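Chemist: Would you be able to build a 3D model of this:
(3 chains)
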Amino acid sequence: MTTVFDPSAAAAQATDAILHDTLHGTARGVVVDSPPGAGKSTLVVRAALELAEAGHPLMVVAQTNAQVDDLVLRLAEKNPELPVGRLHSSDSDPYDKALDGLENVRTSAKAADLAGLAVVISTAAKWAHVKVDEPWRHAIVDEAYQMRSDALLAVAGLFERALFVGDPGQLDPFAVVGSEQWAGLAYDPSASAVTTLLAHNPDLPQHRLPVSWRLPASAAPLVSDAFYPYTPFRSGTGPGDRTLAFGVPSDGSGPDRVIDEAAESGWGLLELPARHTPRTDPEAVGAVAVVVRRLLDRAGAATSERSSAPSPLTADRIAVGTAHRDQAAAVRAALAVLGVTDVVVDTANRLQGREYDVTVVLHPLSGRPDATAFHLETGRLCVLASRHRHACIVVCRAGVTDLLDDYPSTEPVQLGTVVKFPDGWEANHAVLAHLAKHRVRWRPQSGRKAARRRRPDEHRVA
Amino acid sequence: MSLISTLARLEAVSTGRAQPSATVRHRHLGDRPLVFVPLTTAGEAGAPLGALVGTDRDAPRLLVVPQPRDRDLRFAFLAELADVVLPYVDSYAETVEAAERTETDPETGKRVKVEVELCADAPQLIVPSRAGIDLVRLLGRSMRFRRTAEQDPEAPYPAPPRVPLLGRWLTHFGERARVPGSSLLLAMTDVLGRHWVTGQSTLEDQHLGALLAWIDPPEGTTGAEAALRAELERDAQGQLTCPPAGPATDPAFDNKLLAPAIERYDRARTALAAAEDGLEADDRLGALTAAEREIRALVLSRTRPTWDAVWRGLDLLRELPEGARVEERWTRDRWSFTGHRDRVLAGEPPQPRRDDAVTAANKLATREREQARLEAQEALDDPLVMAGRRLSGEAFAGEVTDVAMAYSEGKRPSPRPLITVRTDDRPHLGERTKVYRSLGGKPQSAEFVAAEEDGAVVVLRVLDKMGRGKEPEPGSVPEKGDRVCFTLFEHEQRGGAKLPDPEETPWTHGGPPGEATLEAADPVTEEDVL
Amino acid sequence: MPPPRTRGTALRQRLAELRGPDVPAKALDARALAALAANPGCARRAILDGAGVNKAALASALGSPSAFGQSQFALTRGNAFEAKVKADGGAELLRLVHDRLDRSAEPPVGARVPDLTATGPRGRTARTELELREAAAHPGVWTLLDHPMLALDVAGSPAFLEPDAVVVHPDGSWTVVEIKSFPLLDGSADPAKVGAAARQAAVYVLALEELAARLGAEPEGDAGAEGAEGTSVSAPRVRHRILLVCPRDFSNQPAASAVDIRKQRAVTARQLARLTRIEDIADALPEGTCFSPELPAEALAEAVESVPATYAPECLSACELAFHCRSRSREAGAVTSLGRPVRAELGGLTTVEDVLAAARGEAGDPDDPAVAALRRAAALRAEALEAACR
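Modeler: Have a look, this model is predicted:
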């Protein structure tokens, strides 16, 4: 039987089921898998509001202060009347100053000061220091896949039941020391909170949000197949629902051609000649910078379901993603030379949960002499390849496929651990194979000189 | 691998000698470490073949299991080992000093200081390699659940009296060795590898003989030549001239020398058992003794070179001055030792087979904290380590070129001087990034204000450790012309959150583990190998 | 039997020449195949393995003998353990398969344990295939194949593989069983050894899948099955969880654990598919290249040098030729001989001397970030060592 897939209906159905289990279910926990841009934050806010409306005092656990502040702002936006507590650390500058302007948000470093408020929000690290006589009836644990099992152990005594929401495809939590001695134990403290939760409570209801509203029709199938092979999702928009057009025509250079390819197909691979380079490969870094410069200079306009009129592709709608901090710093410097200072450039870890129209990615394996487990980590590539609403342009040196094939696959195997899928090696192959169809080969003049040559004013001429 | 150590490695290749990767010793070395050089039997889980053990480099005790498959002989070995190790451990348990510890008062729930004993020093075990540490754990695991005849008169094959206790201690040493920076149980290859880099890979550095060859090559040879010889050179009988540091033996040794010797021993034993009169028995006992002596000689020949190598490694390490913060970490080892001594004295059961959820999480938290502590302390103790942190943008050093007095806002303005530092380093400083410097051993914090001249000049605001007055205490603010070194990492580690007690384990982690039951001993069967 | 392949004939001929006249091909056992994963980028290893060259003999002839050996104690113990696990018609082994992998099935009582003896690897392979067909024709019962023989097409020639056991479940699915003598202590085992076992088992699974696909493709009559509706037998399912059997704790009692080998299977399948590139490697060799251990050492060294190797220290525990390649790599001053991670920050610099010269400021483009970082590292290192001397 074939029916036309109605993304809104599918998403609404999933949300209803989740809220029903959360508000009226008997299970102590509900787990929700949310692929990139599937409306996780919207779900968390809605669940929080409904629980609060039903008169259930609620605690919310997020992983970073930025996430906590973001949730507080969203809650206040949806319901300015709702009394919300922001529990914060006693460090200097513990929360976003914007919260001070919200009338019904109370901030404190002491949980007791916030007692009785409808919703109290904090980080897992802060909650771990809180003691209560009476546990909360309800909790929401956000970004639960990025939370470590031991962090959940520290806070789980604070609530009776909880909604766990997160994206299983993003970067896993890690420990800075060996934890092999606990591998295979259901409560391995270095595992993700959800892994432990489900190992001990296999019968908890598990849901997933089936529609990505962020990823365009060109990206959802690839990201779903490569990173979520057993929990597929669809895009909320169809082919042609989103377009990216440029007022300034291509000058025929590699960067312009890859921009046009990406505008057309959603993906672009700007391939530089094969070469082993240090991490901050000047040519690749320069190429990233030039692509960003040209994106801004060519008067891009993005059309989407959000509004009838095209919106201009401005600096705040573009981001650059890298694997390492020094690469991000090098890209920032190269952009500054080109007069670009307001485009976000960050590592995969810091781009988690963020969204842009166009992303430019320096491929984690570009120019490397070999692949390593760090660079093959599935979550890293998944984050970098799933931040965009319109197009993703990857800058990479040729030869990465061989690099992957030459990767020694002699990983140890811990008995009793669940094999995590997909494998980074396979996912990387899948993404590269797809990108190869959108390849623009380019031999830049040596990186710095190329960057210097293209002063912003020179581009205006076109 | 940091570029600095890569460079050192390449210099080692080029000069033919290992290069320093530390300028001070970052691990504690006691006055009287117990060196343990064990060998095992191939294919059997932790079946010992023999060992050299002791605190006197000139008089090691040789322990041998002439037939590793014989349970009684293995027990005899373990009992002998206990006779060496336990008195050594006990000798540290008696001398104590008074110390304070913060504990939660069971009645009020408040954190209170209590007076406790802290052992003045602690025992220290040295094994040749990482595999030796694994064997210590395995031996600990194999012994601690054994039952002695006294504990359980019904136990089949009861263990000799002190064997389960030795198992508990070895388990404790093995667990402690997982804590970064601890020194209760050290592997010589690890410690040498921490202080020198060789002209070979870290994988090849696992070979104690080759590693020492690079650090201290014999007169007239390069490290590379000496290491190659240590790795591969064989004598006329096809035996390695530098036997592997164990616990695994070289297959050629097993097949050509050990197996025939064990076979002769077995035959001699069978013959003795079949002796029909006293005279014959005397003769055959002599043959058996000779066969046993032969195996002892073989085991000695494979362990003695390693024994000497370990002591040579200790000599080399002692030439380095001890890092300033090593003592502080050793005190943590002493606490660990004292804690286990107390648990044994209190009659607590042996460590369980697997940690419960809370114990596992607590151990992980401790080790992560100790890892951070170790990294910070090593950098503060050693300019070569700090150089690596500077290269990676986690620290910077330079000269103070300007100091401007400034004050905090508020009712009682406090000093918040601005200092300008000129540096060649390129730290990853962002808006209001906190930085720290060591001021009389204590961290003083400052925050990043601005960078000028492409990052060559950094302006910082000093935040604390200047006393309570309006004017900073003398010496608490750097002066123009001072050399300073700031780190982006904290110098001291904060304690983590307190986890629930095991009996409060939440439902997400399987709930309370239930009444602690005494772990059953491993079932013994007729063919049990250990 | 794998179907003959014409494409492979010329290549086979070429590979035989590389081996040398009258030198038999060394069988590519599963361990050797799984070891391909250790350094898949090495062309030297690929061509030598693909041609069936005895690398241990070659290494000795080159004067750098390999150091692999097995203690007879380990061998004896391993054999004794396997015999114990399989004793009594494999009752204990089948019980473990049932308990760990297929609890919903009938407990294995009176399982079939067919005799698989035959002459030569081809004969044994045929015999195994026959018994697997037979088992497919008798659903509902357990069958234990003790040391079956499987053939896997590797770059055009069959490699013969001998798993410890293959079990046919009552539902017709197949499970690979690996029996190892390292212990399963309190439920966990040495992860490196488990990983190696998983890679080895993955090769068996691939071979079984080839065979299963063939059985499935055959019309009913050929398969000898009494298919109810006269259709072809559906291809038997090869399970992707294998059973690893090890001694429990410190005893010689068997304990078992299921191991998911999907990842290893995917990697091995891809590496096997890539082995066809040995044809390209062979084509690039100079005319008359030969690796026969009978040749003088210099000639052999030259032949070996004609294929590029990608030596890394990990080779020492995986390849018989490693000591030879290591000395060559060291002679050439390759930084990789110090470990793969060493290369990571050196960019295009690949030799010890180039790196040191760049660090000393004697060579290299100061605008190259690798060179700049090296100089900075050298300066910081010198400063720190000087400070320590003061």
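Chemist: alpha carbons only for contacts and neighbour counts from here, please
Modeler: OK.
Chemist: Quick one: the helices in the stretch 1-150 of chain A, in order.
Modeler: Secondary structure of the stretch 1-150 of chain A by DSSP state H, counting those that start in this stretch: the helices cover A:7-24, A:40-53, A:65-78, A:124-127, A:149-155.
Chemist: nearest to residue B:377, of these?
Modeler: Distance to residue B:377, taken as CA to CA, is lowest for helix A:124-127 among those, at 24.6 Å.
Chemist: Off-centre distance for that closest one?
Modeler: Taking the mean of its C-alpha atoms, helix A:124-127 sits 22 Å from the chain's own mean (CA atoms, centre = their mean, to the nearest Å).
Chemist: still on that earlier bit, which of the helices of the stretch 1-150 of chain A has the highest mean neighbour count?
Modeler: Stretch with highest mean neighbour count among these: helix A:149-155 (a mean of 24; mean count of other CA atoms under 10 Å in any protein chain shown).
Chemist: Give me the contacts around that helix.
Modeler: A:124-125, A:127-128, A:187-196, B:358, B:361, B:497-500, B:505-506, B:508-509 (CA atoms under 8 Å, 6 or more residues apart in numbering or on different chains).
Chemist: and the next element down the chain from it?
Modeler: Remark: after helix A:149-155, the chain's next helix or strand is strand A:159-166, criterion DSSP states H and E.
Chemist: about what we covered before: just put the helices of the stretch 1-150 of chain A in JSON lines and tack on mean pLDDT.
Modeler: Output for the helices of the stretch 1-150 of chain A, formatted as JSON lines (pLDDT from 0 to 100):
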{"stretch": "helix A:7-24", "mean pLDDT": "93"}
{"stretch": "helix A:40-53", "mean pLDDT": "94"}
{"stretch": "helix A:65-78", "mean pLDDT": "94"}
{"stretch": "helix A:124-127", "mean pLDDT": "95"}
{"stretch": "helix A:149-155", "mean pLDDT": "96"}
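Chemist: which among the contacts of helix A:149-155 end up buried?
Modeler: A:124-125, A:127-128, A:187-196, B:358, B:361, B:497, B:499-500, B:505-506, B:508-509 (16 or more other CA atoms under 10 Å in any protein chain shown).
Chemist: Which residue comes closest to residue C:179 once chain neighbours are left out?
Modeler: Of all residues not flanking residue C:179 in the chain, residue C:245 sits nearest, at 4.7 Å (CA to CA, 6 or more residues apart in numbering or on different chains).
Chemist: Could you list which residues are in contact with the one you found?
Modeler: With contact taken as CA under 8 Å, 6+ apart, residue C:245 is in contact with C:177, C:178, C:179, C:180, C:254, C:255, C:256, C:257.
Chemist: Give me the distance between the fifth one and residue C:109.
Modeler: Summarising the geometry, the distance separating residue C:254 from residue C:109, computed by CA to CA, to the nearest Å, is 19 Å.
Chemist: how about residue 364, what does it touch?
Modeler: Using chain A here. Residues in contact with residue A:364 (CA under 8 Å, 6+ apart) are A:322, A:323, A:375, A:381.
Chemist: oops, chain C please
Modeler: C:357, C:358, C:371.
Chemist: Quick check: of these, which lies closest to chain A?
Modeler: Comparing the contacts of residue C:364 against chain A with CA to the nearest CA places residue C:371 closest, at 9.2 Å.
Chemist: Would you mind confirming that the closest one makes contact with residue C:357?
Modeler: No: at 9.6 Å, residue C:371 does not count as touching residue C:357 under the criterion of CA atoms under 8 Å.
Chemist: quick one, which of the two is more surrounded?
Modeler: Between residue C:371 and residue C:357, counted using other CA atoms under 10 Å in any protein chain shown, the more crowded position is residue C:371 (27 against 16).
Chemist: ok, the more buried one to residue B:7 distance?
Modeler: Applying CA to CA, the value for residue C:371 to residue B:7 is 12 Å.
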